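Visitor: Build me a structure from this.
(one chain, ligands or ions: 1)
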Amino acid sequence: MKEGYKKVIKTINLKKSFGDKEVLKGINEEITEGEVVVIIGPSGSGKSTFLRCLNLLENPTSGDVLFEKKRINQPKVNMDLIRMKMGMVFQGFNLFPHLSVLENITIGPIEIQKRTVSQANKIGEDLLMSMGLIEKANVYPKSLSGGQKQRIAIARALAMQPRLLLFDEPTSALDP
Ligand SMILES: Nc1ncnc2c1ncn2[C@@H]1O[C@H](COP(=O)(O)OP(=O)(O)OP(=O)(O)O)[C@@H](O)[C@H]1O
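Guide: Below is the predicted model:
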């Protein structure tokens with residue numbers, strides 16, 4: 001860990017099994033503010049499972065997940081509040097097909113963070129500008145290329161100004 005940087009997330013002896021199959025075998029990892037961590041491994045080795053345990057989309061079998069120094073894998077924790085600070089870009093992107101590109105990006109800030117439509121549109125348009133996709137603001141996801149969908153999914157996660165962005169990419173995406 002880099003000295004002087006704040007810890008964002010830490011796992012302590014994190015284990016996850018599906019039935020008899022132990023996928024995560026005791027992971028001790030710490031990610032600090034501003035750090036970019038890439039997890040590489042063969043298909044099926046447990047990368048997505050690890051990410052999904054960090055935001056508790058999967059319940060760890062044992063071990064702890066600490067987010068901003070608090071243990072979050074315990075019943076009292078309000079996971080809605082935690083997930084507001086933890087964005088996730090899913091494999092396949094999961095864009096809402098019935099919403100335009102801009103609406104896909106602004107729905108979180110409007111519905112969850114209670115921002116006004118004009119505040120959310122400004123955040124969304126700024127992100128689209130930075131991604132070179134402003135001309136796509138009013139189209140629907142079905143007319144986007146795979147790479148464009150991916151950037152919109154990233155913009156949608158960033159619009160919530162998360163402390164931690166989890167980016168799930170299948171191993172096959174690295175194939176030549
Ligand atoms: N809900 C589940 N129930 C049972 N087994 C599961 C479940 N989710 C994942 N697995 C198994 O856990 C293992 C790890 O899967 P995971 O999706 O984490 O791999 P990955 O490293 O992200 O793979 P890829 O690079 O192909 O996306 C695989 O053997 C998978 O079949």
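Visitor: which stretches of the protein form helices?
Guide: Ranges of helices in the chain, per DSSP state H, are 47-54, 79-84, 101-111, 117-130, 146-158.
Visitor: tilt between the third one and helix 117-130?
Guide: Orientation note: helix 101-111 sits at an angle of 140 degrees relative to helix 117-130 (axes from the mean of the first three to the mean of the last three Cα atoms, to 10 degrees).
Visitor: Enumerate every residue touching residue 170.
Guide: Residues in contact with residue 170 (Cβ atoms under 8 Å, 6 or more residues apart in numbering) are 43, 48, 91. C-beta: built from backbone N, CA, C; applies to glycine.
Visitor: if we go to 7 Å?
Guide: Residues in contact with residue 170, defined by Cβ atoms under 7 Å, 6 or more residues apart in numbering, are 43, 91.
Visitor: With residue 91 instead?
Guide: 48, 168-170.
Visitor: Show the pLDDT at it.
Guide: We have a pLDDT of 84 for residue 91.
Visitor: where's it relative to the ligand, distance?
Guide: Distance, residue 91 to the ligand, by Cβ to the nearest ligand atom, to the nearest Å: 6 Å.
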